[in-house]
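> fold the following for me, if possible:
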Amino acid sequence: MTSQEREKVVAGSQRVVIKVGSSVLTGRQGLDLGIVNRLCDEVSMLKEEGRQVVIVSSGAIASGIRKVGLTEGPKTIPQKQAAAAVGQGSLIQAYEDAFGHYNLKVAQILLTSDDLTNRRRYLNARHTLQTLLDWGIIPVVNENDTVVVEEIKFGDNDNLSVLIAQLTDADLLIILTDMDGLYDCDPRQNEDATVIPLVRSIDRKVEACASDRPGTFGTGGMTSKLLAAKKVTVTGVPMIIGNGRKRYILKRIFDGEEVGTLFLPAKRRLSGKKQWIAHTLKPHGDLLLDHGASEALRHRGKSLLPTGIKGVRGEFGVGAPVRCLSIEGEEIGIGLVNYSAAEIEKIKGVRSYMIEEILGYKHSDEVIHRDNFVLRETIESDAGSPGA
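Down below sits the predicted model:
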């Protein structure tokens with residue numbers, strides 16, 4: 001069924017996010033313009049077929065290294081930021097020149113996770129991307145390395161590509177790297193390693209196949225790509241890992257050839273808001289729940305009421321994302337609170353009708369409404385095994 005499943009996935013993919021890693025775009029001398037030109041040629045073919053494409057591109061730091069003439073990669077955050085500042089212009093110019101041969105226009109979008117954790121800015125970014133796609137323009141997205149610090153990093157561009165796929169309601173995410181796909185073991189250590197063509201779901205056996213080792217200029221290895229696959233497939237979006245250094249890789253993928261590794265999507269699809277809560281937000285604190293509240297959230301789809309809260313950890317305000325933990329400390333899920341940490345501390349363990357008596361006002365009967373809550377089991381759903 002592998003070929004039929006592939007054909008079904010690519011045939012229905014009108015909006016595609018393509019993440020191109022540093023291992024594809026760069027060599028020891030920096031940005032590889034030959035690779036950039038070839039990939040743009042293949043993307044232009046997708047555009048001719050009527051598909052919309054968003055590119056998530058690494059390569060700014062590597063491009064900067066070459067322009068500055070550094071003999072090794074930058075080590076400190078200021079050095080990386082400076083290299084990105086030098087290289088980002090060259091990177092987007094390379095795309096603009098390459099796509100210009102096909103009369104295609106590009107738009108540069110630089111983001112930090114701060115831009116997407118704020119709901120209003122998240123929606124603004126979504127509307128901008130939608131407008132660009134409606135205009136037939138190819139957005140080229142990258143993390144804003146010139147200003148980013150550890151607290152607001154996406155982690156790597158694999159994770160950023162997942163967020164962009166969710167942001168744009170993409171039909172398919174393609175991650176191009178220097179590997180032919182997910183192998184059953186590390187091919188750099190075992191010459192008998194073979195590519196797994198199809199992963200129906202990601203379990204520990206699949207995770208054991210991945211390596212953490214990134215390329216020369218990259219930040220994420222195959223483990224990072226598996227994490228990206230887990231996040232994007234749970235939202236109902238399939239993902240393919242392919243070798244971006246091989247000619248016509250995109251054409252072969254859209255011809256339905258069995259190249260790379262296809263990760264099938266989960267059957268359930270989170271709403272756009274719940275995708276944002278689950279995969280974009282970083283928890284600001286914890287709520288410790290009693291057994292009854294834990295069961296109500298897990299199995300009955302209920303909202304969280306103050307009577308089920310046993311404890312509060314951290315300082316956070318109204319609307320902040322927080323983790324809900326069982327009395328044993330197991331994570332149940334993440335949600336947006338209707339009250340601050342200080343307010344919840346005062347009303348924990350009481351009935352909802354007592355909130356106004358204690359606080360002098362009442363925002364809501366619920367501390368977390370079920371529409372603003374995502375179960376951990378849902379985020380990590382459908383653990384199974386790979387299949388051909």
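> quick one: the strands in the stretch 101-250 of the chain, in order.
Shown for the stretch 101-250 of the chain, the strands assigned by DSSP state E, counting those that start in this stretch span residues 106-111, 138-143, 172-177, 198-199, 239-243.
> pick the most deeply packed of the ones you listed.
Between those, strand 172-177 has the highest mean count of neighbours, a mean of 28, where neighbours are mean count of other C-beta atoms under 10 Å. Heads up, the C-betas are built off the backbone N, CA and C, glycines and all.
> for that strand, packing partners?
Identification of packing neighbours for strand 172-177 by 3 or more C-beta pairs under 8 Å, 6 or more residues apart in numbering; DSSP states H and E yields strand 15-20, helix 22-25, helix 157-167, helix 222-233, strand 239-243, helix 249-254.
> let me know the angle separating that strand from helix 157-167.
What separates the directions of strand 172-177 and helix 157-167 is an angle of 170 degrees, with axes from the mean of the first three to the mean of the last three C-alpha atoms, to 10 degrees.
> and strand 172-177, how far out from the chain middle?
On the basis of C-alpha atoms, centre = their mean, to the nearest Å, the separation between the geometric centre of strand 172-177 and that of its chain is 11 Å.
> returning to that earlier point: let me know which of the helices and strands packed on strand 172-177 is the nearest to Ser3.
If you check each of the helices and strands packed on strand 172-177 against Ser3 by C-beta to C-beta, helix 249-254 wins as the nearest, at 12.5 Å.
> what is the subsequent helix or strand relative to the closest one?
Next in sequence after helix 249-254, counting helices and strands by DSSP states H and E, comes strand 261-263.
> direction included, what does that following strand pair up with?
Looking at strand 261-263 with DSSP bridges, its paired strands and their directions are strand 198-199 (parallel), strand 239-243 (antiparallel).
> so what touches the helix or strand just after that strand?
Secondary structure here is assigned by DSSP H and E; on that basis, the next helix or strand after strand 261-263 toward the C-terminus is helix 272-279. The list of residues contacting helix 272-279 from outside it, by C-beta atoms under 8 Å, 6 or more residues apart in numbering, reads 116, 119, 122, 162-163, 166, 169, 231, 234-235, 270, 321, 334-336, 371-374, 378-379.
> still on that earlier bit, worst average pLDDT in the strands paired with strand 261-263?
Averaging pLDDT over each of these singles out strand 198-199 as the lowest, with a mean of 88.
> ok now that strand, how far from the chain's centre?
Distance of strand 198-199 from the chain centroid (C-alpha atoms, centre = their mean) equals 19 Å.
> stretch 277-286 too?
On the basis of C-alpha atoms, centre = their mean, the separation between the geometric centre of stretch 277-286 and that of its chain is 14 Å.
> alpha carbons only: can I get it in PDB?
Once non-C-alpha atoms are left out, stretch 277-286 reads as follows in PDB (Å, rounded to 0.1, in the frame of the first residue of the first chain):
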ATOM      1  CA  ILE A 277      -1.500  25.900  22.400                       C
ATOM      2  CA  ALA A 278       0.100  22.500  22.100                       C
ATOM      3  CA  HIS A 279       3.100  23.300  19.900                       C
ATOM      4  CA  THR A 280       3.800  27.000  20.100                       C
ATOM      5  CA  LEU A 281       3.400  28.000  23.700                       C
ATOM      6  CA  LYS A 282       5.800  27.400  26.600                       C
ATOM      7  CA  PRO A 283       4.200  26.800  30.000                       C
ATOM      8  CA  HIS A 284       4.600  29.500  32.600                       C
ATOM      9  CA  GLY A 285       3.700  27.400  35.500                       C
ATOM     10  CA  ASP A 286       1.900  24.300  36.800                       C
END
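> in it, what counts as buried?
277-281, 283-286 (16 or more other C-beta atoms under 10 Å).
> any stretches of the stretch 101-250 of the chain with poor pLDDT?
Within the stretch 101-250 of the chain, the stretches with pLDDT under 70 are 145-155, 211-220.
> and if we set it to 80?
112-119, 144-156, 185-191, 201-221 (pLDDT under 80).
> now do the longest helix belonging to the chain: which elements does it pack against?
Criterion DSSP state H: the longest helix present in the chain is helix 77-100. The helices and strands touching helix 77-100, judged by 3+ C-beta pairs under 8 Å, 6+ apart, are strand 30-31, helix 33-48, strand 52-57, helix 60-68, strand 106-111, strand 138-143.
> in a markdown table: the ones you listed, plus distance to Ile253.
Putting those into a markdown table (distance: least, C-beta to C-beta, whole Å) gives the following:
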| stretch | distance to Ile253 |
| --- | --- |
| strand 30-31 | 24 |
| helix 33-48 | 9 |
| strand 52-57 | 13 |
| helix 60-68 | 25 |
| strand 106-111 | 21 |
| strand 138-143 | 18 |
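> no more questions from me, cheers.
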